[in-house]
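S.K.: Need coordinates for the following:
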Amino acid sequence: MTALATAPAAADARERVAWPLLLGVRHHGPGSARGVVAALDAARPDAVLIEGPAEADGLVALAADPEMRPPVALLAHAADDPGRAAFWPFAAFSPEWTAVRWALGRGVPVRFADLPAAHTLATSDPTWGDDEEADGAGRIDPLAELARAAGHEDPEQWWEDVVELRGDTDPLAPFAALADAMTALRERYGHGGHPRDLVREAHMRLRLRAARKEFGDAVAVVCGAWHVPALAKRTTVTADRALLKGLPKVKAELTWVPWTHRRLARRSGYGAGIESPGWYDHLFAAPDRPVERWMTKVAGLLREADHPVSSAHVIEAVRLAQTLAALRGRPRPGLDETTDAVRAVLCEGSDVPLALVRDRLVVGDALGEVPAAAPAVPLQRDLDRLQRSLRLKPEAEERTLDLDLRGATDAARSRLLHRLRLLGVDWGEPTAGRTGTTGTFRESWRLRWQPELHVRVAEAGVWGTTVEAAATARAESRALAADTLGEITALAERCLLAGLTDALPAVLGALADRAALDTDVAHLADALPALARSLRYGDVRGTDTAALAGVAAGLAERICVGLPPACVHLDAEAAAQMRDRLDAVHTAIGLLPEPAGAAEPGTLALRWASALRRLAEAERVPGVVRGRAARTLLDEGRLQDDETARLMGLALSPGTPPADAAAWIDGFVGGSGGGLLLVHDERLLALLDGWLAGVPAEAFTDVLPLLRRTFGAYEPGVRRTLGELVARGPQAAAPGPAALVPGFAAALDEERADGVLPLLHLVLDTEAPA
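M.R.: Okay, here's the model as predicted:
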């Protein structure tokens, strides 16, 4: 009896519809999405048209796949230029998505009606697929205009009140009212600063005519409300085709890709974006008691962040949100009311935890999924396979990944991430690593998958069908195109990190050729550190680096010979750069293995020490370089105390210009450990103090900035100790423990010192010697 009564009622509702049924929506709105489903249930059309690229008809069936989970997007890119791409995003609360799912679930034909992507990509500025709500110079924002006409300053709040937070007994009434409002706007503003819309709407009308011819008049169209008046407008086929005549065109390829809520946000640059995709998703998923459920989510998030939030807080926050909505005349609490309540009750008035709520819940990091059946370039398929086998799931939320390269899985993960970076797919970014971890066996990465990386993968597909092959070909190409020696050495380092052994011959060949021709010592010095690191990483990763070691040894030999004359007569800026190069080269030479065929161990180190000594004693070398060379020799134990004092005395002699002497001081005691060197060597401190006291008044102000920079970098305790030593006068004895730390004895009390040994053995879990 109920079925017999319902069937005539549904038939009557269908007969009352004015076909075609034009359902104007906001592209991402939960109220619009529920309204579309209700309208389609009432009208039961024979076919549904969706605003979207016409070529996507062949992909629409995938929307019904159980593995398809929004947010997702249609990605279109030019076949011969994958970087020219456009997206059409869909969220669970997008009206177009619910319409597609409604049609597929009932066997109703569904088609896309917008301008083909082949034309969109051929324009000078392909962008997001649906950008009619983008506000810009000369363009109007339809929602802002309607809100202003209704006396509201905030279009988002106005839209929430009239669409998202209200319910209607007649499912078609809201669409009719919105169509009337948009008709008035189009009559006043025309295309409203969106001239491309006229072309798009002409194509939609042609698709609508074709659908009515194929399926009959009972066709529903789900599109942006701005387009409804244009689709209802009576035009001729000839006029519409004339608007489309001569449009540029490219070959386009389309697929589905995962999308994120963060990329649905307007601040991401998406023209039709919304302010709060996470909030809208919540409204769509929780139509009953949305405020209570929202406050529960917020409380859970804050508790995870160690904020004390109780059930009583949640109850009070719900009551406050409802009270605010009543005072403001809103049908139900919206985002503003819930946010104010969260700040006042759950966050206790602080905006710091509120920022976390806005980022993680109001916007959110939800990442969609697409089925394996979706079209993809071979490189994407290989990347998907590697992600599954290495258990590296792409996630929209940023996370840190710590790798131990001694393990096979972590080593493979590292190679994958480095290979992707070579291809321009920056899924991961290397970071400094965890506190307390050292050495080359560990790596730390900051991972975050962005939807645009699918475009980067498509672009990289021209280099190969697998990640390894593509990265190898890309590295070989970059080696041939490199302009400087530093670029090639950096590339060699990246190839070793990525485990691209097949690319190394081409890279090392280019490196050897460039190194042989490059006579600039600065270029050689810039290149050597990367080579040294490459040898070190190669050893850790088990890579054969014999050829690389030979090139590195050759560079080091040439630097030892050419560096002293290259440092003559440099200006202040060039001298500071050379000082930094000296530090880097010194570190690199310490990492290099002994060259093959060396006469005796330590040959390279001796040659480097000889080059440093020539620098330290050369008169025409800038003070900052001479000072750093002397300091490096001292740190390595290759300069005796008397020699150090002699070099410092010469550098600070009355005949030396104050600016050059100050530069020598900066080179010698600047940087790590320079302050402690002065603390423990009274003679050097006395020389420095005497020089400083004798600087003429007219020159003091010139050297003061450099000296302040040098000594200002010391730790407070070192600066304090130096001040105390200088205050005692130059005749004081060299400071021992008693001078440095109050309460210390002048000499070591061995009996008292032995008393701490049992505790040390306990802490270190060792046995005391018999």
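S.K.: For whichever strand or helix holds Val551, buried residues please.
M.R.: Using DSSP states H and E, Val551 sits in helix 546-566. Neighbour-count burial for helix 546-566, counted by 16 or more other Cβ atoms under 10 Å, picks out 548-549, 551-553, 555-560, 562-564, 566. Placement of C-beta: from N, CA and C, glycine included.
S.K.: Tell me where the longest strand sits in this structure.
M.R.: Counting by DSSP state E, the longest strand found in the chain is strand 81-90.
S.K.: Now do that one: everything it contacts.
M.R.: Residues from elsewhere that reach strand 81-90 (Cβ atoms under 8 Å, 6 or more residues apart in numbering): 28, 52-53, 56, 70-78, 96-97, 100, 117, 120-121, 126-130, 250, 257, 259, 263-264, 270, 377, 451, 455, 458-459, 461-462.
S.K.: Filter those down to the buried ones, ChimeraX style.
M.R.: If you want just the buried ones from the contacts of strand 81-90 in ChimeraX, going by 16+ other Cβ under 10 Å, the selection is:
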select :28,52,53,56,70,71,72,73,74,75,76,77,78,96,97,100,117,120,121,126,128,129,130,250,257,259,263,264,270,377,451,455,458,459,461
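S.K.: quick one on the thing from earlier: can you get me the centre-to-centre distance for the longest strand of the chain and its chain?
M.R.: Offset of strand 81-90 from its chain centre (Cα atoms, centre = their mean, to the nearest Å): 19 Å.
S.K.: check contacts around the residue positioned nearest the centre of the chain.
M.R.: Centroid check for the chain by Cα atoms, centre = their mean gives Arg448 as the closest residue, at 6.9 Å. Contacts of Arg448 were listed using Cβ under 8 Å, 6+ apart, and they are 395-399, 427.
S.K.: Strands - which of those land there?
M.R.: Arg399.
S.K.: residue ranges with poor pLDDT in this protein?
M.R.: Applying pLDDT under 70 to the chain flags residues 1-13, 124-138, 165-168, 266-273, 433-440, 537-545, 595-602, 729-747, 765, 769-770.
S.K.: Just the CA atoms of the longest strand of the chain, as CSV, please.
M.R.: Extracted in CSV, the C-alpha atoms of strand 81-90 (Å, rounded to 0.1, in the frame of the first residue of the first chain):
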residue,chain,number,x,y,z
ASP,A,81,54.1,19.3,-22.0
PRO,A,82,53.1,17.7,-18.7
GLY,A,83,53.9,20.8,-16.7
ARG,A,84,50.9,22.5,-18.4
ALA,A,85,48.2,21.1,-16.2
ALA,A,86,44.9,21.9,-14.7
PHE,A,87,42.9,20.4,-11.8
TRP,A,88,39.2,20.0,-11.1
PRO,A,89,38.9,19.1,-7.4
PHE,A,90,36.1,17.3,-5.7
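S.K.: got the buried residues for it?
M.R.: Quick answer for strand 81-90 (16+ other Cβ under 10 Å): 82, 84-90.
S.K.: would you list these in JSON lines and tack on distance to His282?
M.R.: Putting the buried residues of strand 81-90 into JSON lines (distance: Cβ to Cβ, whole Å) gives the following:
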{"residue": "Pro82", "distance to His282": "35"}
{"residue": "Arg84", "distance to His282": "36"}
{"residue": "Ala85", "distance to His282": "30"}
{"residue": "Ala86", "distance to His282": "29"}
{"residue": "Phe87", "distance to His282": "24"}
{"residue": "Trp88", "distance to His282": "23"}
{"residue": "Pro89", "distance to His282": "18"}
{"residue": "Phe90", "distance to His282": "17"}
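S.K.: where does the residue lying closest to Glu160 once chain neighbours are set aside fall, phi/psi-wise?
M.R.: In this structure, Glu160 finds its nearest non-sequential neighbour in Gly334, 4.7 Å apart by Cβ to Cβ, 6 or more residues apart in numbering. For Gly334, the backbone dihedrals (degrees, to the nearest 10) come out as phi -100, psi -170.
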